[in-house]
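*Asks:* Prediction below, plus the sequence it came from.
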Amino acid sequence: MQIFHNKMFINLVVVSSRHLNSLIWKNRKSYFGAEMFLLKKLFTLLCIIVCSYQLYFTTIDYLEFNVITLLDIDFPDWLTVPDITLCVQFLDAVNWTAWAIRHPDLLPDNCSIIDDDKERSEHIRECFAEMGADDFEGFVQEHFTVAKFYKLVIKAQSLFDLISFDSKTGSFNGLQKNHDIFCTTRTYLRDPHVCYHLACRNGTNPSDDIRFHRSRLIHSPNPGAMFMFRLYNAFFASCDHVFLYIHSPLDLPRGPLESYLVIKPKEKPSLFLISFILIIDNLLEPPYATNCKDYHHDDEGTQSLIHKYEECLNNQTLKLDPSFVMYQTMIENPQKVEGNFSNRLRYKYKDKLNEIRTECGKLVEQPQCKVFIYIPYIIGHERFVSQREYHSNFIIMAPTTPDIKLEKSPVFLLETYVVNIGSILGIWFGFSMVHHLGSLGSHLLKLKNISKFSWNNICLRHEKPLKKSVYLNCEQKNQKQNTAERPAIAYYRTHGLLSRARAAIAESRKISESRCSQSIRSRYVTDIM
């Protein structure tokens, strides 16, 4: 009996220990599971934070629309003929014969009057030459308006007598209108200079620039020459110096930043070889950081940023009393401007001019999208041997250096941004673009199947009543046809042609049935549509 109780006690202890161990294991397991759950949540939260951080800054980088500059060096096969502008000081551009005729008494204080017209004009020029170019500009601005002084200057038409282009068939003068290339000259004022503009355009379409292949340059007597123009040396030699601009056909040389070449005239007729370097700067329109604007296609008809700015300055200063045009701005129609030059008046209206500059500057806060920068330079020059030469020639050579193109490109393209977003999501959450695009495609297919199923239901819904109505019509037609066939059957029986009658009636019924089926389909489709 005692042994039995001992065994029972031992069994009870064993069972209790097993039960206790199971409880301990369950508690440990539940504690371990809670710990893993908490760690999993913390890790997920960490992934969300870091992923959001990367997504935020990637999106910010994209929305800033920053750009990088790509440098491209290119020898173009096709060349665009540039425009040429020559600018000289007021003193060098006056027609002294016209001055002597119109204003014989308008002289410096130390200059006497001479009766002879020819000697008088030369004498007047000598008097003002002793005064100096700067004082002469002040004298002009004190006694003349823009339009009044323009009548006294030498015009471009009397300076250029030849603009020569070479081709396979020989050379021709671009000033004549019987060729594919037609050149024009104009005279502008740009206080304190008179400017002479030379522009060559397509003879059939004057709005188009002149472009020709580089291979054409071999036909020139000077290989590599684009064209040649010449000036009367009597005018050219009298100039103290000449500012030569090579610039884009899109606009005139405006503003103080335009590149130019200073040429010192020679006493004897000379030949100048001039070339240029072309730099093209392309910016990007909004929303990119360069934030440029195409002023060439502006609604107001301006050709460039600086053109819009100068036009605003002149329009505002012409409203002042006394009116004047701004210093060093291009005056395109000087014969129509009754305002004054600003050399003296710009100091009187200093505060007002600062306000005008600020107001006009707001119109051109955005940079120009495409800028052509021409940098001219002299290759060389030589004097003519012939003493009978009365002109100085200028040969414009094609660039011997490659064109420099500065292209702005987005740092982040849209496709790059999408790839970066997909990569970040894939790293932190296993996001698969292939899977999601595939699921999107399957959803689209389901929508397509649903639409097809709906279409079939609509067809079935209308099919039975349509068939019923069509069949009733066909039955009525068959009855009428049977009634009509009876006389024919009697006729064939009378003449012993019953077999032929049966064949004809069968053929007639086939035609009738086919017409009924066609009417079913046509009415069915028409009602559904």
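*Replies:* It's in.

*Asks:* Start and end of stretch 282-300, how far apart?
*Replies:* Stretch 282-300 has its terminal residues 23 Å apart, counting by CA to CA, to the nearest Å.

*Asks:* And that stretch, how far out from the chain middle?
*Replies:* A distance of 8 Å separates the centroid of the chain from that of stretch 282-300, by CA atoms, centre = their mean, to the nearest Å.

*Asks:* Repeat that for stretch 269-284.
*Replies:* 22 Å.

*Asks:* care to break this protein down by domain?
*Replies:* 2-65, 68-90+154-293+369-411, 95-107+118-152, 294-365, 443-528 (automatic domain parsing).

*Asks:* Mind checking these for the one nearest to Ile421?
*Replies:* Closest approach to Ile421 among these (CB to CB): domain 2-65, 6.6 Å. For glycine as for every other residue, the C-beta is placed from the backbone atoms N, C-alpha and C.

*Asks:* can I assume Val411 is in contact with Leu63?
*Replies:* No - in this structure, Val411 is not within contact of Leu63 by CB atoms under 8 Å, at 11.5 Å.

*Asks:* So for these two, which residue has more residues nearby?
*Replies:* Val411 (14 against 11; other CB atoms under 10 Å).

*Asks:* Quick check: chain neighbours aside, which residue is closest to the more buried one?
*Replies:* Excluding its sequence neighbours, the residue lying closest to Val411 (CB to CB, 6 or more residues apart in numbering) is Asn66, at 4.5 Å.

*Asks:* so how many other residues sit close to that neighbour?
*Replies:* Residues near Asn66, counting by other CB under 10 Å: 14.

*Asks:* so it makes contact with Pro287?
*Replies:* No - if you go by CB under 8 Å, Asn66 and Pro287 don't touch, sitting 11.0 Å apart.

*Asks:* Which strand residues bridge Ile395?
*Replies:* Met228, Leu273 (DSSP bridges).

*Asks:* List the residues that contact it.
*Replies:* Contacts for Ile395 (CB atoms under 8 Å, 6 or more residues apart in numbering) come out as 222, 225, 227-228, 271-274.

*Asks:* how much space between it and Ile373?
*Replies:* 22 Å (CB to CB, to the nearest Å).

*Asks:* How about His219?
*Replies:* Taken as CB to CB, the span from His219 to Ile373 is 29 Å.

*Asks:* and what of Ile101?
*Replies:* For Ile101, the distance to Ile373 - CB to CB - is 44 Å.

*Asks:* Looking at those two, which is more packed in?
*Replies:* Ile373 (17 against 13).

*Asks:* Show the residue spans covered by the strands in the stretch 201-350 of the chain.
*Replies:* Secondary structure of the stretch 201-350 of the chain (DSSP state E, counting those that start in this stretch): strands at 211-213, 225-232, 242-247, 261-263, 270-282.

*Asks:* Tell me what angle the second one forms with strand 242-247.
*Replies:* Spelled out, that is strand 225-232. Using axes from the mean of the first three to the mean of the last three CA atoms, to 10 degrees, the direction of strand 225-232 lies 150 degrees away from that of strand 242-247.

*Asks:* Quick one: residues contacting Thr90.
*Replies:* Careful, residue 90 is Phe and not Thr. By CB under 8 Å, 6+ apart, the residues touching Phe90 are 133, 136-137, 140, 149, 153, 192-194.

*Asks:* which phi and psi does it have?
*Replies:* phi -50, psi -40 (degrees, to the nearest 10).

*Asks:* what about Ile421, how many residues close to it?
*Replies:* Neighbourhood size, Ile421 [other CB under 10 Å]: 17.

*Asks:* Likewise for Leu252?
*Replies:* Leu252, neighbours per other CB under 10 Å, totals 23.

*Asks:* before we move on, what about Tyr377?
*Replies:* Neighbour count of Tyr377, defined by other CB under 10 Å: 11.

*Asks:* what do you get for Thr169?
*Replies:* 7.

*Asks:* confidence score at it?
*Replies:* We have a pLDDT of 81 for Thr169.

*Asks:* cool, and Gly496?
*Replies:* For Gly496, pLDDT reads 47.

*Asks:* likewise Ser439?
*Replies:* Confidence for Ser439, expressed as pLDDT, is 63.

*Asks:* How about the one 3 residues further on?
*Replies:* Looking at Ser442, its pLDDT stands at 67.

*Asks:* what does Glu389 give?
*Replies:* Glu389 is given a pLDDT of 70.

*Asks:* Number of residues surrounding the nearest residue to it once chain neighbours are set aside?
*Replies:* Closest residue in space to Glu389, ignoring its immediate chain neighbours: Pro269 at 4.4 Å, by CB to CB, 6+ apart. For Pro269, the count of nearby residues is 23 (other CB under 10 Å).

*Asks:* Which residue ranges of the stretch 51-200 of the chain form strands?
*Replies:* With DSSP E, counting those that start in this stretch as the criterion, the stretch 51-200 of the chain has strands at 67-74, 78-80, 83-89, 160-167, 170-173, 181-190, 193-202.

*Asks:* which one of those strands is the most hemmed in?
*Replies:* strand 83-89 (a mean of 22; mean count of other CB atoms under 10 Å).

*Asks:* Give me the residues contacting that one.
*Replies:* By CB under 8 Å, 6+ apart, strand 83-89 touches 133, 137, 190, 192-200, 229, 231, 239-249, 252-253, 260, 394, 396.

*Asks:* same thing but at 6 Å, please
*Replies:* 133, 193-199, 239, 242-245, 247, 249, 253 (CB atoms under 6 Å, 6 or more residues apart in numbering).

*Asks:* repeat for stretch 358-369
*Replies:* Contacts for stretch 358-369 (CB under 6 Å, 6+ apart): 283, 291-295, 305, 308-309, 312-313.

*Asks:* Try it again at 7 Å.
*Replies:* 283, 285, 290-295, 304-305, 308-309, 312-313, 316 (CB atoms under 7 Å, 6 or more residues apart in numbering).

*Asks:* could you flag which of those are buried?
*Replies:* By neighbour count, with 16 or more other CB atoms under 10 Å, those hold 283, 290, 292-293, 295, 304-305, 308-309, 312-313, 316 as buried.

*Asks:* Out of these, list just those in helices.
*Replies:* When DSSP state H defines the helices, the subset of the buried ones among the contacts of stretch 358-369 inside them is 305, 308-309, 312-313, 316.

*Asks:* Using JSON lines, lay out these together with distance to Ala93.
*Replies:* Formatted as JSON lines, these follow (distance: CB to CB, whole Å):
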{"residue": "Leu305", "distance to Ala93": "28"}
{"residue": "Lys308", "distance to Ala93": "27"}
{"residue": "Tyr309", "distance to Ala93": "25"}
{"residue": "Cys312", "distance to Ala93": "27"}
{"residue": "Leu313", "distance to Ala93": "23"}
{"residue": "Gln316", "distance to Ala93": "27"}
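
*Asks:* Pipe the residues you listed into a markdown table and attach pLDDT per row.
*Replies:* Shown next, in a markdown table, are those (pLDDT from 0 to 100):
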| residue | pLDDT |
| --- | --- |
| Leu305 | 93 |
| Lys308 | 93 |
| Tyr309 | 94 |
| Cys312 | 93 |
| Leu313 | 93 |
| Gln316 | 93 |
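
*Asks:* biggest separation within the contacts of strand 83-89, which pair?
*Replies:* Checking the contacts of strand 83-89 with CB to CB, the most distant pair is Ala133 and Pro249, at 30.8 Å.

*Asks:* Sketch out the low-pLDDT regions of the stretch 1-150 of the chain for me.
*Replies:* Residues of the stretch 1-150 of the chain that meet the criterion pLDDT under 70 lie in 1-35, 37, 115-118.

*Asks:* now the helices for it?
*Replies:* For the stretch 1-150 of the chain, the helices defined by DSSP state H, counting those that start in this stretch occupy 2-63, 90-93, 96-102, 117-131, 133-143, 146-150.

*Asks:* now the stretch 301-450 of the chain
*Replies:* For the stretch 301-450 of the chain, helices defined by DSSP H, counting those that start in this stretch occupy the ranges 305-317, 345-348, 350-361, 414-429, 433-494.

*Asks:* If we go by neighbour counts, what in the third one is buried?
*Replies:* Of the residues in helix 350-361, 353, 356, 360 count as buried by neighbour count, 16+ other CB under 10 Å.
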